[in-house]
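S.K.: Return atomic coordinates for the entry below.
(one chain, ligands or ions: 1)
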Amino acid sequence: MTVSSDFKAKDAESYDEVADKFDELAQLYAGPQARYLTQAIDIASRKHVIDMGCGTGLVSFEAAATSSHQTTITGIDLSQGMLTQAKAKAEQNLLSERVTFQAGDAEALDLPDDYADGFVSLYAFSHFPHPDKAAHEALRVLSPGGRLAVAIGSGPQLMTRAGTGRAAAAIRRKWRQMRGREVTACDQIDRLVRKHLPPIAEGKVADWASGQRDVVGLLEGLFQAAGLVDCRRDWVGTDHSVPDADAFWTLQSTISTFARKHIAAATPAQNATLKEAFRAECDAVLQANGKLTYSVGAAVISGRKPH
Ligand SMILES: C[S@@+](CC[C@H](N)C(=O)[O-])C[C@H]1O[C@@H](n2cnc3c(N)ncnc32)[C@H](O)[C@@H]1O
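M.R.: Just a heads-up that it's a prediction; the model follows:
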């Protein structure tokens, strides 16, 4: 795996300018996944929880809302823009005592062993270039008996009820797409970026997570190797219809790491061409009474650290 030394810094920086928009979108579209994670670690019984790659704090605030007033939460992230937004929200909601945010790298945490009895992370692990190190750090800072739940973006496993339902939905969707009746996030923007913007180095999420057949299985194996027991894999997903092209652009240009990084590196003229092509596609679909769809899904790996 080749990773340049500043990959992590650049990845985190790519969020700095979009923290506001990201926060709105996370609340709109990732609530069920955040709730699922806090339930998976049995939040009501936790004393201190770490939220790794916390972003603007969606899971941290969900944990605060569903735990006792004695429970404290530490959100950790590498993006200053995301952390600033998260801290401001903690202050506005009078939660700064219980919910704190700090800069840190998931792969090298400046925290003592056995620091917390809960560890959650939503949509962040696929950004870490060395997930084995991040899994090892997660288990190190978790106290014996502590619970962990980590989610990454994924479809459901094929041989499950959700997997069969999604496969059938995907066939119906393909049919509508072929007839110009549907476009989906974020494959629409990624396809148009490939067509209209020049390629850049390190445009994707971390190498290990792109193009792998079973990313979730790989990550689960890393957690088990790091010491996680009673491991299980679940899936939580929702389909959303987005009302118009502007909202769809904001969604995709913020959420897609691939698009975000390319757009930041492109010239205004190149981005104008991209946006024009994007709008034309959306308008054509809406005029044909079609829909703009965002299908969100996360695989959740959970378990505990043995006593
Ligand atoms: C897709 S966002 C998810 C944010 C949040 N968990 C949510 O779901 O709303 C991924 C986050 O991981 C952070 N991140 C990337 N690399 C990191 C690292 N090495 N250590 C800690 N955080 C990192 C990014 O800055 C970003 O805020």
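
S.K.: who's in contact with whichever residue of the stretch 51-200 of the chain sits closest to the ligand?
M.R.: Nearest residue of the stretch 51-200 of the chain to the ligand: G55, at 2.5 Å (CB to the nearest ligand atom). (Glycine included, C-beta is placed from N, CA and C.) G55 makes contacts with Y15, A19, F22, D23, A26, D77, S79, M82, A86, L122, Y123, A124, as judged by CB atoms under 8 Å, 6 or more residues apart in numbering.

S.K.: can you rerun that using 6 Å?
M.R.: Applying CB atoms under 6 Å, 6 or more residues apart in numbering to G55 gives the contacts M82.

S.K.: helix, strand or coil for it?
M.R.: coil (DSSP: H, G, I helix; E, B strand; the rest coil).

S.K.: Grab the nearest non-local neighbour of the one residue sitting closest to the centre of the chain.
M.R.: Nearest residue to the geometric centre of the chain (CA atoms, centre = their mean): Y123, 2.1 Å. What sits nearest to Y123 in space, not counting adjacent residues and going by CB to CB, 6 or more residues apart in numbering, is G153, at 5.8 Å.

S.K.: Next SSE downstream of the longest helix that the chain contains?
M.R.: For the chain, the longest helix by residue count, based on DSSP state H, is helix 268-287. Note on helix 268-287: by DSSP states H and E, the next helix or strand toward the C-terminus is strand 291-304.

S.K.: What pairs with that next one, parallel or antiparallel?
M.R.: Take DSSP bridges as the rule and strand 291-304 pairs in its sheet with strand 142-153 (antiparallel), strand 182-185 (parallel), strand 229-242 (antiparallel).

S.K.: contact partners of that strand?
M.R.: Residues from elsewhere that reach strand 291-304 (CB under 6 Å, 6+ apart): 29, 33, 40, 147-155, 182-185, 216, 220, 223, 228-242, 248, 282.

S.K.: Just the buried ones from the residues you listed?
M.R.: 29, 33, 40, 147-155, 182-185, 216, 220, 223, 228, 233-237, 242, 248, 282 (16 or more other CB atoms under 10 Å).

S.K.: Buried residues, the helix or strand in which K21 is found. List them.
M.R.: Element membership of K21, judged by DSSP H and E, is helix 19-29. For helix 19-29, a neighbour-count test (16+ other CB under 10 Å) marks A19, F22, D23, L25, A26, Y29 as buried.

S.K.: need the helices for the stretch 101-250 of the chain, in chain order.
M.R.: 131-141, 161-178, 187-196, 215-226, 245-255 (DSSP state H, counting those that start in this stretch).

S.K.: near the ligand at all, the helix or strand that the last one is followed by?
M.R.: Think helix 245-255. Per DSSP H and E, the first helix or strand lying C-terminal to helix 245-255 is helix 257-265. No - on the criterion CB under 6 Å from any ligand atom, helix 257-265 is out of touch with the ligand, staying 7.3 Å away.

S.K.: how far off helix 245-255 does helix 257-265 point, in degrees?
M.R.: Counting by axes from the mean of the first three to the mean of the last three CA atoms, to 10 degrees, helix 257-265 points 100 degrees away from the direction of helix 245-255.

S.K.: for helix 257-265, packing partners?
M.R.: Packing partners of helix 257-265 (3 or more CB pairs under 6 Å, 6 or more residues apart in numbering; DSSP states H and E): helix 187-196.

S.K.: Pull out the buried residues from the helix it packs on.
M.R.: Buried residues in helix 187-196, counted by 16+ other CB under 10 Å: Q188, I189, D190, L192, V193, H196.

S.K.: I'd guessed the fourth one sits against R279; true?
M.R.: No - distance between L192 and R279: 10.4 Å, which falls outside the contact criterion (CB atoms under 6 Å).

S.K.: so where's the stretch 151-300 of the chain shaky on pLDDT?
M.R.: Within the stretch 151-300 of the chain, the stretches with pLDDT under 70 are 202-205.

S.K.: 90 instead, please
M.R.: 155-170, 173, 200-214 (pLDDT under 90).
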